[in-house]
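Visitor: Fold the following.
(one chain, ligands or ions: 1)
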Amino acid sequence: MADTIFGKITRGEIPTEFLYQDEHCIVIRDIQPQAPTHVLIIPRKPIPRLVDSLPEDQTLLGHLLLVAGKVADQLGVGDAFRLVINNGEGGGQTVFHLHLHILAGRDMAECQLVSDLN
Ligand code: AMP
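Guide: Numbering: from 1, shown residues only. Just a heads-up that it's a prediction; the model follows:
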């Protein structure tokens, strides 16, 4: 697959503050936040899209969800956040290295569709 900005960030080639990191993933602030809290959970493994993940990625995918909950808690939004994965261009994906968005700090209950957030 083609390298992406997230590949460079996960490898430390572009200096970026990591809010959290472990051997499987990193968490950074989104450069164009769509909510008061908007962070990205990015696996170190460069899976282009969610649909490109393999059965062998099952543990990694579960890990990303656990990290999302933990980081949301640490950021003080554990009780009210939205988790988003955009898949493919038509799904709004712009960086083709799998990532999860945590969005919080505004009334998510009023946004029934993810597109309402944009
Ligand atoms: P998506 O549209 O789901 O592919 O999300 C890509 C996200 O990455 C967008 O919300 C961008 O604002 C964000 N983004 C792109 N480049 C960077 C960067 N260098 N650092 C942090 N976030 C970025």
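Visitor: ok but residue 28 is inside a strand, no?
Guide: Yes: checked against DSSP: H, G, I helix; E, B strand; the rest coil, residue 28 lies within a strand.
Visitor: Start at 21, not 1
Guide: In the new numbering, first residue 21, that becomes residue 48.
Visitor: can I assume it is in contact with residue 62?
Guide: Yes: if you go by Cβ atoms under 8 Å, residue 48 and residue 62 touch, sitting 6.9 Å apart. All C-beta spots, glycine's among them, are computed from the backbone N, C-alpha and C.
Visitor: shared neighbours, those two?
Guide: By Cβ atoms under 8 Å, 6 or more residues apart in numbering, residue 48 and residue 62 have these common neighbours: residue 29.
Visitor: Settle it for me: which of the two has more neighbours?
Guide: residue 62 (24 against 19; other Cβ atoms under 10 Å).
Visitor: Spatially nearest residue to that one, not counting backbone neighbours?
Guide: Leaving aside its sequence neighbours, residue 62 sits nearest to residue 119 (Cβ to Cβ, 6 or more residues apart in numbering; 4.6 Å).
Visitor: which residues touch that neighbour?
Guide: 26, 60, 61, 62, 63, 105.
Visitor: 10 Å - rerun?
Guide: If you count contacts by Cβ atoms under 10 Å, 6 or more residues apart in numbering, residue 119 has them with 24, 26, 45-48, 50, 59-63, 67, 70, 84, 104-106, 113.
Visitor: Filter the residues you listed down to just the ones in helices.
Guide: Judged by DSSP state H, helices contain the following of the contacts of residue 119: 26, 84.
Visitor: so which of the contacts of residue 119 are also by the ligand?
Guide: 48, 50, 60, 106, 113 (Cβ under 6 Å from any ligand atom).
Visitor: returning to that earlier point: select only the buried ones of the contacts of residue 119 in ChimeraX?
Guide: Burial among the contacts of residue 119 is assessed by 16 or more other Cβ atoms under 10 Å; the matching ChimeraX selection reads:
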select :24,26,45,46,47,48,59,60,61,62,63,67,70,84,104,105,106,113
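Visitor: what about the residue positioned nearest the centre of the chain, distance to the ligand?
Guide: Compute the mean C-alpha point of the chain, and by Cα atoms, centre = their mean the closest residue is residue 120, 2.3 Å away. Residue 120 sits at a distance of 9 Å from the ligand (criterion: Cβ to the nearest ligand atom, to the nearest Å).
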